[in-house]
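**Q** next one to model:
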Amino acid sequence: MLLSILIPVYNERTVVERSLAQVLTVPLPENMERELVIVDDCSTDGTSAILDRLAAEHSCIRLFHKPVNQGKGAAVRTAIEHARGDFCIVQDADLEYDPNEYPKLLRPLLDGHADAVFGSRYMAGEQTRILPFWHSMINKSLTLLSNMFCNLNLTDMETCYKIFRTDLLKSIPIRSNRFGFEPEITMKSAKRKLRIYEVPISYHGRTYEEGKKIGWKDGIKALGVILHFWLIDDLYVEPYGRAFLNNLTGTPQYLSWLSRALRPFLADTVLELGAGIGNLAGRLMARRVRYVAAEKDPLYLHALGNRFLRTPNVDVRKLDPGSPEQFVNIGEPFDTVLCVNILEYMEEPAAVLESARKVMKPDGALIVLVPQGETLYGSIDRTLGHRRRFDREALGKLLEAQGFQVRQFVDINKIGTPAWWLYGHVLRQRRINKVTLKIFDKTVWFWRLMDGILPWRGLSLIAIAARND
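**A** Numbers count the residues shown, from 1 in each chain. From the prediction side, this is the model:
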């Protein structure tokens, strides 16, 4: 295993060499190597020359110089991009935190209990330097506010020592350039439902005369970061995730509407293809004897595993809907196969339907939800990766060709149809912004009532089909 130690540095010539000497020599758990990913944030006091010398002396140091000073968050973001380890820990280049506590921080991760571990300065550690009252109060107040908005029970949100599984950390976009990194990564970890542990650590804090850089203005900015990322869901970097999955995490009322439309057609055993991060599974799995949440993306599988870790009737499976051979060992046939927002992404949607048919009971039901309206296809569809949209006739023919008989079509979200046309065809936007989605979600109760009155087709189309044996 490899531990990536992410070290942002700015103007620390008096302590950086001693600090890095500790990091280079601290004992690590058995069979674990280290790499130091150091980002010099355009230091101007001679720190850069010291780092250049140390990087030449130690092969495990990978050094990157930033051309302009941007702040700790930007430096950590750069370090994350270059990290190659199994785990990443953030280490400041001063002497406030003790690298000898790495094994303690790593233990919950190595035992498989955690996805992230925070080192708390306010739990009972071995040693803690007493610092000014108001500095501690600001830290504790920010932790309290962060806990309120992200529904955690941390004792130290502002701690430097945060250690993550690297694959998860690389999938979280970091937007803050300065000390807003701490509340941002905490809020996003909470929204991603990562398993977070805290362990007590020692703390040897500095005064401002000794070189401490964070100030009261950063505390105010941290409050803004907490509020911003509470309102805005920005949880996955671009390569990870179908964008609608990420956006739907911020539209719980719409998800409840969709779940209400699907629930009457579900039986005792359900296979959900492309379960994503569990938006629907969490609402539909209740009262099912067996609910299999199938997904191919490793990050989504991890999210599903965390979410349903203690839910005995939910089984998380790795399954690519476009690979028929993966359906062979799925288990007993299902009463219901749920295929929500899958066919529009597939190169061969017929193959998905054929595979679904093979794992259904003879009297089972297939529930398909697709984006409706071939003429609505536009810039937003292309951004989402949609290959197509469907009309009723086209979807009906596709289902019939694969041995299904359509029992019922259901339109949903009619108000979304003109909005999609406006954004995708008139304005040629690549996405609907998240503030608009929030407003839509707050008014879902009204649009759900209007769905039966509006005269046009819905933005989405649900088809309920049976095997035509």
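**Q** would you map the strands across the stretch 51-200 of the chain?
**A** With DSSP state E, counting those that start in this stretch as the criterion, the stretch 51-200 of the chain has strands at 61-65, 87-90, 116-120, 162-165, 196-200.
**Q** and Ser189, how many residues sit next to it?
**A** Counted with other C-beta atoms under 10 Å, the neighbours of Ser189 add up to 23. To be clear about C-beta, it is placed using only N, CA and C from the backbone, and glycine gets the same treatment.
**Q** again with Leu398
**A** Residue crowding around Leu398 was assessed by other C-beta under 10 Å; the count is 18.
**Q** residues in contact with it?
**A** Taking C-beta atoms under 8 Å, 6 or more residues apart in numbering as the contact definition, Leu398 lies against Leu343, Pro349, Ala350, Leu353, Phe390.
**Q** pLDDT (mean, whole number) over the helix or strand harbouring it?
**A** When secondary structure is defined by DSSP states H and E, Leu398 falls within helix 392-401. Mean pLDDT, helix 392-401: 96.
**Q** numbering from 477 from now on, please.
**A** Okay, residue one is now 477; in that scheme the one you just asked about reads as helix 868-877.
**Q** quick one: name whatever helix or strand follows it.
**A** Next along the chain after helix 868-877, taking DSSP H and E as the criterion, comes strand 880-888.
**Q** other SSEs contacting that following strand?
**A** With contacts defined as 3 or more C-beta pairs under 8 Å, 6 or more residues apart in numbering; DSSP states H and E, the secondary structure elements packing on strand 880-888 are helix 728-738, strand 836-847, helix 868-877, strand 936-943.
**Q** run through who's touching the helix or strand following it.
**A** Following the chain from strand 880-888 toward its C-terminal end, the next helix or strand by DSSP H and E is helix 892-897. In this structure, residues lying in contact with helix 892-897 by C-beta under 8 Å, 6+ apart are Gln848, Gly849, Leu852, Gly854, Ile856, Ile908, Phe916, Trp932, Arg933, Gly934, Leu935, Ser936.
**Q** quick check: buried residues in helix 892-897?
**A** The neighbour-count criterion (16 or more other C-beta atoms under 10 Å) identifies Gly892, Thr893, Trp896, Trp897 as the buried residues of helix 892-897.
**Q** if we can go back for a sec, alpha carbons of the helix holding Leu874, as PDB, please.
**A** Coordinates of each C-alpha in helix 868-877 appear next as PDB, following Å, rounded to 0.1, in the frame of the first residue of the first chain:
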ATOM      1  CA  ARG A 868     -44.400   6.300 -27.100                       C
ATOM      2  CA  GLU A 869     -44.500   4.600 -30.500                       C
ATOM      3  CA  ALA A 870     -40.700   4.000 -30.600                       C
ATOM      4  CA  LEU A 871     -40.500   2.700 -27.100                       C
ATOM      5  CA  GLY A 872     -43.500   0.500 -27.600                       C
ATOM      6  CA  LYS A 873     -42.000  -1.100 -30.700                       C
ATOM      7  CA  LEU A 874     -38.700  -1.600 -29.000                       C
ATOM      8  CA  LEU A 875     -40.300  -3.400 -26.100                       C
ATOM      9  CA  GLU A 876     -42.500  -5.500 -28.300                       C
ATOM     10  CA  ALA A 877     -39.500  -6.500 -30.400                       C
END
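**Q** avg pLDDT for stretch 897-909?
**A** In this model, stretch 897-909 carries a mean pLDDT of 85.
**Q** again, but for stretch 812-824
**A** Averaging pLDDT residue by residue across stretch 812-824 gives 94.
**Q** now do the end-to-end distance for it.
**A** Distances were taken as C-alpha to C-alpha, to the nearest Å; on that basis the terminal residues of stretch 812-824 are 21 Å apart.
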